[in-house]
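A.B. asks: structure, please.
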Amino acid sequence: MDRKLTDPNNYIPNGWFKLPNGKLARKSDTNQENPMVTNYKSLLNKSKQEFKDIKIRQSKPELLEKDYKVGSIKRYFIQKSNDKESPIYEVNRRESSKYSRSTRYNLAVIDWVISGGDNYKITDDVTQVLTPEQMNQLSIANVSNIMPNLKLYLPNLLQYYKR
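C.D. replies: Below you'll find the model as predicted:
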């Protein structure tokens, strides 16, 4: 009985390997690894090396008097993108740009009220008075789709606040 290379029993003769499209290709050397496996291993090693190179440098905001005059600051938080339960880190603006380009981390940027009184939020014809605490809570809620547990990382909604 003559076996064809397209045998429905998936017979693969020595010296051949199966391509993703189902066709068979001849190995140039029977000891050589499938080129796709070689490529995969190369990408895996490169990915592991890139991950080792990233050192997270946490930082807290360094507030100046002018920040308190403005009344709010931007805060930057990162978290591993494949694990919503992983630790959250606060980083500075300069470091955040490194993580915004990475697919391994999610970056959340929030406006944080640090001084001033109540603010007014106008929706349609309804005017609502919001305290600084409520404004910070809204900032956290706005990024909850990116970082659901940020509210646990920032339990003190009046952190850095001065009247």
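A.B. asks: got any ranges where the protein has weak pLDDT?
C.D. replies: Scanning the chain for pLDDT under 70 picks out the ranges 1-10, 28-33, 47-54.
A.B. asks: how about the helices in this protein?
C.D. replies: 35-53, 65-70, 93-100, 132-142, 150-153 (DSSP state H).
A.B. asks: between these, which one is closest to Y161.
C.D. replies: helix 132-142 (5.9 Å; C-beta to C-beta). For every residue, glycine as well, the C-beta is placed using N, CA and C.
A.B. asks: can you give me the strands in the protein?
C.D. replies: Secondary structure of the chain by DSSP state E: the strands cover 16-18, 24-26, 72-80, 89-91, 105-113, 119-123, 126-130.
A.B. asks: looking at those strands, spot the one closest to V143.
C.D. replies: Nearest to V143, of all the strands of the chain, is strand 105-113, at 4.0 Å by C-beta to C-beta.
A.B. asks: relative to helix 132-142, how tilted is that closest one?
C.D. replies: 160 degrees (axes from the mean of the first three to the mean of the last three C-alpha atoms, to 10 degrees).
A.B. asks: give me the residues contacting strand 105-113.
C.D. replies: 61, 71-81, 96, 99-100, 119, 132, 135-136, 139-140, 142-143, 146-147, 150, 159-161 (C-beta atoms under 8 Å, 6 or more residues apart in numbering).
A.B. asks: so in that sheet, which strands flank that strand, and in what orientation?
C.D. replies: strand 72-80 (antiparallel) (DSSP bridges).
A.B. asks: how about the partner strand: buried residues?
C.D. replies: Using 16 or more other C-beta atoms under 10 Å as the test for burial, strand 72-80 gives 72-73, 75-79.
A.B. asks: what angle separates that strand from strand 119-123?
C.D. replies: Put simply, strand 72-80 runs at 70 degrees to strand 119-123, going by the same axes, to 10 degrees.
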